[in-house]
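A.B. asks: take this sequence and fold it.
(one chain, ligands or ions: 3)
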Amino acid sequence: MLSNYKLFVLDDDHQYAELLVEIANEQEWDVDYETDPTSFLKSDINESTILVLDLFMPVIDGIEVIRTLADKKCRCPLILMSGFDSKVLHSAQQLAEAHNIPVIATIKKPFSINEFITVLNSARQGIETSKTLDCDKIKFTRSEIENALVNNEFILHFQPQIDIATSEVTGVEALVRWEHPKHGLIFPDAFVWIVEQYDLIELLTRKVISAAAQSQQSLKPDYPDLCMSVNVTAENITSLFLPEQLKNLLREYDIAPESLTLELTESAVMGHLTSSLDVLNRLRMKGFHLSIDDFGTGYSSLQQLYQAPFNELKIDRTFVSNMLKDKEALVIVEICIMLAKTLNMKVLAEGVEDLAILEKLKSLGCSQAQGYFIAKPMPLIELKHWLSKSRKPSTTSLGI
Ligand code: C2E
Ligand code: CA
Ligand code: CA
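C.D. replies: Ligands and ions are numbered 1, 2, ... in the order given. All right, here's what the predicted structure looks like:
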């Protein structure tokens, strides 16, 4: 039944690791262990490995292991253990989930054998029911991606962004989808990382930006001030030709750099800060807007944030959507808003899923919002229809 799944224990404490292996063996799991995170991270880990991870280890701790897994796009399910208070477990869980790494359970050390068996049983149930643990995920081949690029199978959906104080629509985020001839509409989390692995991300980004600019051109007569945001990766930003190329590309569609925002994740920028700073500054000098995406989930330090010329901070959706039921998430949202204001940046909350969240953001002084409560991402034709209905939104039309 569990032939595809393996359990892997990573704990610097030999005795603890061995004990867990013994219990798991008795429960008929295929299980192995490692006490050194460096060797573990060098090994071949895949999504059919369930990692039982101790958060407190010297040299490389569990949080760093989670970040490295996220960088490697490895979404192996986790069982997190810690001897510290439950806050540490909670933050680690949030970090993992923000990177789409599923967390099956968190367990506070010391725990009893029975508690661990219960966790293993819930992992077993999770495997049977959860889609995120599906090991049959499609790994597209390079030629499939190349064909898709040539055949223009990558399309854009657009999600509106509003000014919270006035409810006016200020911009849209372009989100790529793959219209696959066999599998139907595929979402970016399932293929962008593969496109990156094949070094084809520059081509994809170029297509995305052209399509976004073309859409913006067609929206311009009715919505001349509507801004467009696109997602770019670390590889895109270290290419030194980007600012000029981008400006020329937009010129073809008569779009000013001031109406394009490039969204970059924190990790993308901070991982290559010195090489990125040059490009980022040149982009800003040409008038493009720069937004730091998924803020709160990466590795930034305040100094780095201060150094990079961002003019928008996007608070990650995991914090926003949980802020009314989770005190820590609320504190993070409050700090992000304060930080953005202090650094003179716009602050956009993504993942606004209901009116109560929107109202809370308004009371906290957040400037912009995006999320399912306002609108889901949609094709251009639907966007035009949606915009025509909410062109001059009264506060009631969005329920504010
Ligand atoms: P992201 O940049 O954080 O984009 C926002 C994601 O959150 C979108 O998922 C959107 O559909 C979803 N979302 C929006 N509002 C809500 C909400 O209220 N609740 C919840 N639960 N989710 C919401 P999507 O379209 O599947 O995109 C996933 C990620 O794929 C994006 O995350 C972005 O990192 C990446 N991506 C999308 N388009 C591109 C692209 O053109 N190039 C690159 N390199 N990456 C892209
Ligand atoms: Ca984004
Ligand atoms: Ca985001």
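
A.B. asks: so where is the stretch 251-400 of the chain shaky, pLDDT-wise?
C.D. replies: Along the stretch 251-400 of the chain, segments meeting pLDDT under 70 span 271, 299-301, 303, 391-400.

A.B. asks: so which residues on this protein come close to ligand 2?
C.D. replies: 231, 263, 293 (Cβ under 5 Å from the ion). (C-beta placed from N, C-alpha, C; glycine too.)

A.B. asks: so which of those residues reach ligand 1?
C.D. replies: 231, 263, 293 (Cβ under 6 Å from any ligand atom).

A.B. asks: what is the second one paired to in the beta sheet?
C.D. replies: Listed beta-bridge partners, E263: N231, S291 (assigned using DSSP bridges).

A.B. asks: my guess is it meets F288, correct?
C.D. replies: No. Taking contacts as Cβ atoms under 8 Å, E263 lies outside contact range of F288: 11.2 Å.

A.B. asks: thinking again about what came up before, out of the residues of the chain next to ligand 2, which touch ligand 3?
C.D. replies: When those are checked against ligand 3 using Cβ under 5 Å from the ion, the ones in range are D293.

A.B. asks: most neighbours, which of the residues of the chain next to ligand 2?
C.D. replies: D293 (26 neighbours; other Cβ atoms under 10 Å).

A.B. asks: if we can go back for a sec, tell me the one of the residues of the chain next to ligand 2 nearest P224?
C.D. replies: Of all those, E263 has the smallest distance to P224: 21.9 Å, by Cβ to Cβ.

A.B. asks: can you tell me how far that closest one is from K286?
C.D. replies: 17 Å (Cβ to Cβ, to the nearest Å).

A.B. asks: swap in L264?
C.D. replies: Taking Cβ to Cβ as the measure, L264 falls 16 Å from K286.

A.B. asks: what mean pLDDT does the top helix by length along the chain get?
C.D. replies: Using DSSP state H, we find that the single longest helix of the chain is helix 201-219. Average pLDDT, helix 201-219: 95.

A.B. asks: give the buried residues for it.
C.D. replies: Judged by neighbour count using 16 or more other Cβ atoms under 10 Å, the buried positions of helix 201-219 are 201-205, 207-209, 211-213, 215-216, 219.

A.B. asks: how about it and ligand 1, touching?
C.D. replies: Yes. Using Cβ under 6 Å from any ligand atom, helix 201-219 reaches ligand 1 at V208.

A.B. asks: need the residues that contact that helix.
C.D. replies: With contacts defined as Cβ atoms under 8 Å, 6 or more residues apart in numbering, helix 201-219 is touched by 149, 152, 154-156, 158, 174, 176, 192, 195, 226, 228, 230-233, 235-236, 239, 246, 249-250, 252-255, 259-260, 380, 383-384, 387.

A.B. asks: next one: stretch 27-42
C.D. replies: Contact with stretch 27-42 is made by 2-3, 5-14, 17-18, 20-21, 24-25, 43, 57, 59-61, 64-65, 68, 117, 120-121, as judged by Cβ under 8 Å, 6+ apart.

A.B. asks: what's the answer for stretch 173-185, then?
C.D. replies: 138, 148, 153-159, 161, 186-188, 190-192, 204, 208, 211-212, 215, 228-231, 263, 370, 377.

A.B. asks: remind me which helix or strand H90 belongs to.
C.D. replies: helix 86-98 (DSSP states H and E).

A.B. asks: now the helix or strand that that helix is followed by: mean pLDDT?
C.D. replies: Where DSSP H and E defines the elements, the next helix or strand beyond helix 86-98 is strand 103-108. Across strand 103-108, pLDDT averages out at 88.

A.B. asks: could you do stretch 64-73 as well?
C.D. replies: Per-region confidence: stretch 64-73 scores 86 on mean pLDDT.

A.B. asks: near ligand 1 at all, that stretch?
C.D. replies: No. Applying Cβ under 6 Å from any ligand atom, one finds stretch 64-73 separated from ligand 1 by no less than 11.8 Å.

A.B. asks: how far out from the middle of the chain is that stretch?
C.D. replies: Chain-centre distance of stretch 64-73: 13 Å, with Cα atoms, centre = their mean, to the nearest Å.

A.B. asks: right, I'll leave it there.
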